[in-house]
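# attaching a predicted model along with its sequence, questions to come.
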Amino acid sequence: MNYISTRGGIDPIGFRDSVMMGLGRDGGLLLPESIPDVSDRLSEWKDLPYVDLAFEIMKPFVDLPESDLRELVRKSYSAFGHKEITPVVAVDGIYILELFHGPTLAFKDIALQFVGNLFEYILHKSNRWLNILAATSGDTGSAAIYGVRSKKRIRIFVMHPHGRISRTQEWQMTSVPDHNVFNMAIEGSFDDCQEIMKTIFRDLDFRDRFSLGSVNSINWARLLAQIVYYFYGAFRVMEKTGADRIRFSVPTGNFGDIFAGYLAMRMGLPVCRLVLATNENDILSRFFNSGVYSLGNVKATLSPSMDIQVASNFERYLYYRVGEDPVRLKSMIQAFVDTGRLMVDPLPDGEVDDMFAAGSATNEITLATIKSFYENHGYLVDPHTAVGIHVGMQHLKKDEPMVCLATAHPAKFGKAIISAVGRDVARHPVIDGLKDLPTCCDVLRASVQEVREYLEERISGPTTSRTNRRC
Ligand SMILES: *Cc1c(COP(=O)(O)O)cnc(C)c1O
């Protein structure tokens, strides 16, 4: 399979190059040249264990020897705490697809465990090094660190806003002792961290000289790994209910997770609606209800991993929505850059897209959902999952079971759980064990120059392994 850019500015490239490129060199996002139709394989796949299913789904997208792909997939899911990897639980007439059994207890592990192994594999084959630079407001940083810790030929540098992330998130990142992991606490906001990262990445010469790369949610390999659990979840629910079509509700920030669902549907999985759920940062739900994508201000909510305005994967969706036409796409993106707003024409039936439904939840509703789910059904959900459940419940339809994606374990968001149910009932041994671990982190000023020097000192050249840690 070859990969192209949404903006049409690069010649088709292979899978490995697309993974290493991340963001297209033309500023666009990479997509497969075509989406394979697997609808005639579904009955053959429906009883496969997760790892075998992942292999089958990834195969048409990937140009690696089959035995190597199989081994990468096996390794990536060996650190999960549940034998099914992403089990389904029935609660109150809906189905919860639990995506939080990975090492950092968030769904990002499903993609980043695979990406870490894939990077290591590609780097080994091509005799290269990679230095990952990331900015995080919490979840992504720890999942990325756990994805690449101890991997050969990779270092990871993660910036977080000093003192502005939760204790749990800080502990999860800074307690990883591996020599290839560097935590930078930046004296500034998350936006400062992101701005520093973007400035450094814009310097193509610096980026090439130090083999810098990223693991953000625009990387194609992350999406690829996420397609799998839509199939797995759908198969489990169809088996339990006998239904032949289902719906998914997905708590959404950067449009990565739900875009993987969109791809699954286009590959032939019988999904009749994807319900997009946002918190009060509702640019995406407004879009799917009005056709207008217009920028607002970012608000801090109880579901911080969805406190996003410009969704980095939305351009991929838009590319398909405008008929795979890079020229039209580029003019829409330009309009958005110029005016903070873009629009699509509604379909003949008046809907923006009849594959999607959308809605949002306030903090108050999020807490009420956690509380009622816990008190009425004894099932505790984290605030992100609660947003998805609330919106999903408003889009139920007979004979189309609803699968709500549970994106984090509630113990990661203990404070919100206490506000919702009045007691500290969200516990997990991984989180409880964190506070006893030693931590390591360097505090830096919010200065591009200071971060550049930090990187330079620790990466003496792309082919050496010199490290320089203070702890
Ligand atoms: C990242 C994240 C999301 C949002 O996922 P996107 O792919 O950005 O839409 C939702 N919930 C949790 C817990 C997350 O960490």
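Nice, thanks for sending it over.
# all strands in the stretch 201-350 of the chain, in order from the N-terminus.
Taking DSSP state E, counting those that start in this stretch, the strands of the stretch 201-350 of the chain run over residues 212-213, 246-251, 271-278, 292-294, 341-343.
# between those, which gets nearest to residue 102?
Closest approach to residue 102 among these is made by strand 246-251 (16.8 Å; C-beta to C-beta). (C-beta placed from N, C-alpha, C; glycine too.)
# for that closest one, C-alpha coordinates in PDB please.
C-alpha atoms of strand 246-251 as PDB (Å, rounded to 0.1, in the frame of the first residue of the first chain):
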ATOM      1  CA  ILE A 246     -24.200  -1.400  15.500                       C
ATOM      2  CA  ARG A 247     -23.400   2.100  16.600                       C
ATOM      3  CA  PHE A 248     -20.400   3.500  18.400                       C
ATOM      4  CA  SER A 249     -20.100   6.500  20.700                       C
ATOM      5  CA  VAL A 250     -16.600   8.000  20.900                       C
ATOM      6  CA  PRO A 251     -15.400  10.700  23.200                       C
END
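# near the ligand at all, that strand?
Yes - contact of strand 246-251 with the ligand (C-beta under 6 Å from any ligand atom) involves residue 251.
# residues of that strand that come out buried?
Neighbour-count burial for strand 246-251, counted by 16 or more other C-beta atoms under 10 Å, picks out 246, 247, 248, 249, 250, 251.
# so which elements touch that strand?
Under the contact definition 3 or more C-beta pairs under 8 Å, 6 or more residues apart in numbering; DSSP states H and E, strand 246-251 sits against helix 220-241, helix 256-266, strand 271-278, helix 383-393, strand 402-406.
# out of the ones you listed, which is the most enclosed?
The highest mean neighbour count among the helices and strands packed on strand 246-251, using mean count of other C-beta atoms under 10 Å, belongs to helix 383-393: a mean of 28.
# tell me if it is near the ligand.
Yes - Helix 383-393 is in contact with the ligand by C-beta under 6 Å from any ligand atom, via residue 384.
# can you give me the angle that helix makes with strand 271-278?
130 degrees (axes from the mean of the first three to the mean of the last three C-alpha atoms, to 10 degrees).
# dump helix 383-393 to PDB, restricted to CA.
Provided in PDB are the C-alpha atoms of helix 383-393 (Å, rounded to 0.1, in the frame of the first residue of the first chain):
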ATOM      1  CA  PRO A 383     -14.900  11.600  32.800                       C
ATOM      2  CA  HIS A 384     -13.900  11.100  29.100                       C
ATOM      3  CA  THR A 385     -15.900   7.900  28.900                       C
ATOM      4  CA  ALA A 386     -18.800   9.600  30.700                       C
ATOM      5  CA  VAL A 387     -19.000  12.300  28.000                       C
ATOM      6  CA  GLY A 388     -19.300   9.500  25.400                       C
ATOM      7  CA  ILE A 389     -21.900   7.600  27.300                       C
ATOM      8  CA  HIS A 390     -24.000  10.700  27.900                       C
ATOM      9  CA  VAL A 391     -24.100  11.600  24.200                       C
ATOM     10  CA  GLY A 392     -24.400   8.000  23.100                       C
ATOM     11  CA  MET A 393     -27.500   7.600  25.200                       C
END
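# show me what contacts the residue nearest to residue 217 when sequence neighbours are not counted?
Computed as C-beta to C-beta, 6 or more residues apart in numbering, the closest residue to residue 217 that is not its neighbour in sequence is residue 256, at 3.9 Å. Contact analysis of residue 256 by C-beta atoms under 8 Å, 6 or more residues apart in numbering lists 217, 218, 222, 223, 226, 312, 313.
# same check, this time on residue 241
Going by C-beta under 8 Å, 6+ apart, the list of residues near residue 241 reads residue 401.
# what is the neighbour count of residue 105?
25 (other C-beta atoms under 10 Å).
# can you start the count at 11 instead of 1 from here on
Taking 11 as the first residue, the last one we looked at is residue 115.
# my read: it touches residue 443, true?
No - in this structure, residue 115 is not within contact of residue 443 by C-beta atoms under 8 Å, at 12.0 Å.
# coming back round to it: tell me the pLDDT of the residue nearest to residue 227.
We have a pLDDT of 94 for residue 266.
# can you check the one 4 residues further on too?
With respect to pLDDT, residue 270 scores 98.
# correct me if wrong: it contacts residue 233.
Yes - counting by C-beta under 8 Å, residue 233 is a contact partner of residue 270 at 5.1 Å.
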